[in-house]
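1. Fold the following, please.
(chains A and B)
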Amino acid sequence: MTEPIISVRNLVVEFPLRRGLFTAVDGVSFDIMPGEILGVVGESGAGKSMTGAAIIGLIEPPGRIARGEIYLKGCRIDNLPPEEMSSLRGKRIGMVFQDPLTSLNPLYTIGQQLIETIRRHLPLNEAQARQRAIELLAEAGIPNPETRIDSYPHQFSGGMRQRVVIALALAAEPELIIADEPTSALDVSVQAQIIKVLKKLCESRGAAVMLVTHDMGVIAETASRMIVMNKGKIVETGSVGDIIKRPKEDYTIRLIKAIPSIKDETRRHEVPVSPKPLVEVKNLTRDFDLSPGFFDRLIKGSKRNVVHAVRDVSFDIRKGSTYGLVGESGSGKSTCARMLVGLIKPTSGNVLLQGEDIARGLSQERRQMVQMIFQDPYASLNPRWRVGDIIAEPMRALKLVSSRSEAEDRVADLLQRVRLDPISMRKYPHEFSGGQRQRIAIARALSSQPEFIVCDEPTSALDVSVQAQVLDLMRDLQDEYGLTYLLISHNLAVVRQMADDVGVMHSGVLVEQGPVDTIFDNPQADYTRMLLNAVPDISKVE
Amino acid sequence: MSSTNNSTAAQKPRTRFQRIWDSDVFFSFRRSPVTIVAALVTFILILAALLAPWIAPYDPFNPASLNLMDGFTPPNSESMMGNYFVLGSDHQGRDVLSTILYGSRISLFVGFLATLFAMAMGISLGLLAGYRGGTTDAIIMRIADIQLSFPAILIALLIFGIARGIIPPSKQEGMAVWVLIVAIGLANWAQFARTVRGATMVERQKDYVSAAKLIGVHPLRILVRHVLPNVMAPVLVIATIGLALAIIEEATLSFLGVGVPPTQPSLGTLIRIGQQFLFSGEWWILFFPAITLVLLALAVNLLGDWLRDALNPRLR
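-> As a prediction, this is how the structure comes out:
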């Protein structure tokens, strides 16, 4: 029987804080065999990243390993002095972090960084190291590595940069690679390629991988075995197929149930028939002028630089329906959303709300009909305001209430509708979790009694179980008030679950639109097909 | 244990005092002995200045009570007239302790008002520049840049000089303090404007501002009610350090003889008077006002430093 590469026994990581001891990792044990990819999933705060940090000895003080042992190929490493630990890092344990922007030094070419790492750990001269760096880049899937090796990090795209980071992690032929959310900052199509690269490299080198992620889909496509963590403890361990198909523990069952799938065909509500769509978007176009200043153009002869964020987009939203707009980052979907609510003006084309042009300024009556829910619930609520004032602001600004007590009654009612305690109105946003804040944001949007709500990535900042709750709430409210939603998301599974109609955007153009089932089951455009194939989805596990 | 605490705290909102006392800012205050001493010194000096008319042993500005025969009495001794002076007396027979008490009153008054003036001006221009951007921003910030390239004291001198030229001589005496306040305030607004502008540019991108715009809240209301409270933390820090600076600037101007008139001496005026006698052995006339000024400026500065560290999450 082979010896595990890494073996963690009863690991406990503690943070002595002002208000008592916080146990981030609580009695975690696992092994990873050579060539194996172990997926570690859990929601934020589950302690999964902290476990990875403990293995490589990078826990920020005041945090510390309180108990437990970590063995690398049978040698205990958790009690090594810092110098020895740092020589281990990179050489025997490689790391890939979430953000490819910050894990490379912008001042050196990628070649310099690779060669430096290789030479520090392997007995090679400059020319040999360079040769090896080129091989590594080729393996990681960088085209023309001989020329690209002398480029700086900013000359690569996000996905390419993450490939470089993987090459860097593999440079010294480590036995173990810890990948902490390696694809979370990337678009789905890029994510799929990175997963492939990571998987291939580990197979060919027999390196063990600890893949830390919140995305069950990524694990389903990559790992063979997985552990599920919650509140610092391991909830369940087993093969990926077993856990996803036949979860045993309550927590895992709930977690798996909360994950939407692109194959999901549950709940379809009946959209009431109405003769005229509520919102008509006609040939909407928005350019952003990023040209250098007038004097630069005059003196240096710099060229005008206009970005076409949205080009000639047209669609209708039926009253009482949910229109899903999907696309990768930079596809122009958020720009569309902001034009639809009138926060930015279109360059040409128009948005008609019940026949009235939004860009021309709305009447009081129409203005109260449109609301928006934003992506980041930490930035969308003013941290200095009490929750009650935040929710009441639209009513006050639009003069929908006459007195303070009436406003308070309405706020209490709204809080109950979004399943929060009315006493919450006296508290400040920082006293709430991300999911609760998003409920507060929804209550604020409802407070002007709107008919149409634009939701810009309403759940992408939330954990899956919270996401499920927020989506459920949005659905219930739609049934209750007959709301019409525009749902913007990069998450195809969420759109499949929620939307009645869907539009797919790519580089500012609407490439395809239609009823949600038609688009997902029978996509016509190449881009849509590529996107659907690339999504790591739990339904794809064997 | 911690979870039960949290749930009870969540059920009934704490009082404002509890929340403030329990906040991280006050926690760091309770943990820093230097800051506690600085706060104490500042508090005592401010209190003493406020209560000067009641606690000062003599009234140094009432010519009727002054006697030249009391002049140059060393500290902790009696004059020839039998009057006792703790910190000694100056050449006109004024009690040094009393002049310091009255002097810090004027120094603090000028310092506070000048800082408030600079704050008001800097915040409004900074908010405007940060929120409007474009040409408005460019004009305001270039003016601030130009001004920041001169030492503040030069600007204050310039403004003071101009005011002297405009105001008729008969009114100059009475207006001197106000001119001083405006001069120091105008010399210091740019710091505030820069900080507020930067913070405003960050805040106006945030979605809570978009949410307010969406329902048609007036831009002025967005600025005052939404953005302003969120940019105040760094402003408080500069204001505290700015207060120390303003007090020193006032002392410098008064020392140069262009500040408050000698009939209402501030700490700076007292130091100017005292330095004439330093080499003739009457050191106390200079020493005590100077040490008071140093203490005051140092204490306020330390408070500002602490506030900056406490409010900056990156240093926590």
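
2. for chain B, what are the nearby residues on chain A?
-> By the rule Cβ under 8 Å from any Cβ of the partner chain, the part of chain A lying against chain B is A:18-20, A:338, A:341-343, A:367-368, A:370-372, A:374-376, A:379-385, A:390, A:393-394, A:397-398, A:423, A:426-427, A:431, A:441, A:444, A:448. C-beta here means a position set from N, CA and C on the backbone, and glycine is covered the same way.

3. In helices only, show me the residues you listed.
-> A:338, A:367, A:390, A:393-394, A:397, A:441, A:444 (DSSP state H).

4. For ChimeraX, write a command that selects the buried ones of these.
-> Under the burial definition 16 or more other Cβ atoms under 10 Å in any protein chain shown, those of those that qualify are selected in ChimeraX by:
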select /A:338,367,390,393,394,397,441,444
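
5. Wait, residue A:429 touches residue A:381, no?
-> Yes - contact criterion Cβ atoms under 8 Å: residue A:429 and residue A:381 qualify, at 4.2 Å.

6. Need the overlap of contacts for these two.
-> A:387, A:390, A:437, A:440 (Cβ atoms under 8 Å, 6 or more residues apart in numbering or on different chains).

7. Make a markdown table from these and add pLDDT and distance to residue A:122 to it.
-> Formatted as a markdown table, these follow (pLDDT from 0 to 100; distance: Cβ to Cβ, whole Å):
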| residue | pLDDT | distance to residue A:122 |
| --- | --- | --- |
| A:387 | 92 | 57 |
| A:390 | 93 | 57 |
| A:437 | 91 | 49 |
| A:440 | 93 | 54 |
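
8. and which of the residues you listed is nearest to chain B?
-> Nearest to chain B among these: residue A:390, at 7.9 Å, using Cβ to the nearest Cβ.

9. picking up where we left off before, select only the buried ones of the residues of chain A next to chain B in PyMOL?
-> This is how PyMOL selects the buried members of the residues of chain A next to chain B, with burial counted by 16+ other Cβ under 10 Å:
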select buried, chain A and resi 338+341+342+343+367+368+370+371+372+374+375+376+379+380+381+382+384+385+390+393+394+397+398+427+441+444+448
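
10. Narrow the residues of chain A next to chain B to those in strands?
-> Judged by DSSP state E, strands contain the following of the residues of chain A next to chain B: A:20, A:370-372.

11. For the residues you listed, work out which two are farthest apart.
-> Greatest spacing in these, by Cβ to Cβ: A:20 and A:370 (46.0 Å).

12. From residue B:196, how far out is the residue in the stretch 51-200 of chain B that chain A sits nearest to?
-> Nearest to chain A in the stretch 51-200 of chain B, going by Cβ to the nearest Cβ, is residue B:138, at a distance of 10.5 Å. Distance, residue B:138 to residue B:196, by Cβ to Cβ, to the nearest Å: 16 Å.

13. ok, these two, which is more surrounded?
-> Set side by side, residue B:138 and residue B:196 show more neighbours around residue B:196, with 28 against 11, by other Cβ atoms under 10 Å in any protein chain shown.

14. pLDDT score for residue B:36?
-> Note on residue B:36: pLDDT of 91.

15. Dead centre of chain B: give me the residue that sits there.
-> Centroid-nearest residue in chain B: residue B:243, 2.3 Å away (criterion: Cα atoms, centre = their mean).

16. Was I right to think that one contacts residue B:111?
-> Yes - the pair residue B:243 / residue B:111 is scored as a contact, 5.4 Å apart, by Cβ under 8 Å.

17. quick one, strands of the stretch 51-200 of chain A?
-> Remark: strands assigned in the stretch 51-200 of chain A by DSSP state E, counting those that start in this stretch are A:64-72, A:75-76, A:93-96, A:176-180.

18. Counting by contacts, list what the longest one packs against.
-> Taking 3 or more Cβ pairs under 8 Å, 6 or more residues apart in numbering or on different chains; DSSP states H and E as contact, the helices and strands that strand A:64-72 lies on are strand A:6-17, strand A:20-32, helix A:48-55.

19. Check which residues of it are buried.
-> Under the neighbour-count criterion of 16+ other Cβ under 10 Å, strand A:64-72 has A:65-66, A:68, A:70-72 buried.

20. again with stretch A:141-151
-> In stretch A:141-151, counting by 16+ other Cβ under 10 Å, buried: A:141-142, A:145, A:148-149, A:151.

21. List the buried residues for the strand or helix carrying residue B:121?
-> In the assignment (DSSP states H and E), residue B:121 maps to helix B:96-132. Neighbour counts over helix B:96-132 (16+ other Cβ under 10 Å) mark B:96-119, B:121-131 as buried.

22. Would you pull up how far that helix lies from the middle of the chain?
-> Chain-centre distance of helix B:96-132: 5 Å, with Cα atoms, centre = their mean, to the nearest Å.

23. Which other helices and strands does it contact?
-> Helix B:96-132 packs on helix B:33-50, helix B:52-55, helix B:134-148, helix B:169-204, helix B:228-255, helix B:267-275, helix B:284-311, going by 3+ Cβ pairs under 8 Å, 6+ apart.
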